[in-house]
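Trainee: give me coordinates for this.
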Amino acid sequence: MKEKQKKTKHSNAWIWPIKIFIIAIVLSLSFSIVSELALTGAHIAVAIVVILVFIGISIVFDMLGLAVASSDLNHFTAMAARKVKGSKQAIALNKNADKVSSVCADVIGDVCGILAGAAGASIVAKIALAANGDFISILIASSISAAIAGLTIFGKASLKRYAIKHGNEITLKLAKFINFFTRKD
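Mentor: Numbers count the residues shown, from 1 in each chain. Below is the predicted model:
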């Protein structure tokens, strides 16, 4: 009997990574199509806005994933006893912190970061085509790539401490947002 439980437990270990793989592919494809539609033939200003939106989404979702992972279950359990709105969702988020963190930080955050880089590459390609590969265009292209990476890393690094320190508050706000759409409390 114990061998059957071990086999089932071992085979179930692959279910979440497979699900997250499929979610990542679907979200990446969806976001990529939207960004391609927005950037095809678009002015550089539109591309910059798209890049900043993707960077912003990447930073916020990285913060959400870390906040949920660092939140305290006992805090939400006490809130649920007092019937605080969103506390049940906060408990569910906390109990599934590994999955929530994977979806928020690894899937949505990383996919948006990658798409910000791809959108930057489209700007770089436009600059390179216009400038015929001279040194200034190479410098501008490299600066755009560095700025995208720098902004993303700066944003994520600056919000990590905040996410850890205020994990309970951030998780409760996320739970209330989810509660607004699900009405489970």
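
Trainee: I'd like the average pLDDT over the lengthiest helix in the chain.
Mentor: For the chain, the longest helix by residue count, based on DSSP state H, is helix 135-165. Mean pLDDT, helix 135-165: 88.

Trainee: so what does that helix touch, helix or strand wise?
Mentor: Judged by 3 or more Cβ pairs under 8 Å, 6 or more residues apart in numbering; DSSP states H and E, helix 135-165 is in contact with helix 44-70, helix 110-131. C-beta: built from backbone N, CA, C; applies to glycine.

Trainee: what's the next helix or strand after it packed up against?
Mentor: Following helix 135-165 in sequence order, the next helix or strand is helix 167-182 (DSSP states H and E). Here helix 167-182 touches helix 44-70, helix 73-81, helix 87-95, going by 3+ Cβ pairs under 8 Å, 6+ apart.

Trainee: hang on, the earlier thing: ok, and which of the helices and strands packed on helix 135-165 has the densest surroundings?
Mentor: Mean neighbour count (mean count of other Cβ atoms under 10 Å) peaks for helix 44-70 among those, with a mean of 20.

Trainee: average pLDDT for that helix?
Mentor: Rounded mean pLDDT across helix 44-70 is 91.

Trainee: then stretch 168-181?
Mentor: On average, stretch 168-181 scores 92.

Trainee: send the alpha carbons of that stretch over as PDB?
Mentor: Only the C-alpha atoms of stretch 168-181 are listed here, as PDB (Å, rounded to 0.1, in the frame of the first residue of the first chain):
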ATOM      1  CA  ASN A 168       0.700  40.500   4.900                       C
ATOM      2  CA  GLU A 169      -0.700  43.800   3.700                       C
ATOM      3  CA  ILE A 170       0.100  43.200   0.100                       C
ATOM      4  CA  THR A 171      -1.400  39.600   0.200                       C
ATOM      5  CA  LEU A 172      -4.600  40.900   1.900                       C
ATOM      6  CA  LYS A 173      -5.000  43.600  -0.800                       C
ATOM      7  CA  LEU A 174      -4.500  40.900  -3.500                       C
ATOM      8  CA  ALA A 175      -7.000  38.700  -1.700                       C
ATOM      9  CA  LYS A 176      -9.500  41.500  -1.500                       C
ATOM     10  CA  PHE A 177      -9.000  42.100  -5.200                       C
ATOM     11  CA  ILE A 178      -9.600  38.400  -5.900                       C
ATOM     12  CA  ASN A 179     -12.600  38.500  -3.500                       C
ATOM     13  CA  PHE A 180     -14.200  41.400  -5.500                       C
ATOM     14  CA  PHE A 181     -14.300  39.100  -8.500                       C
END
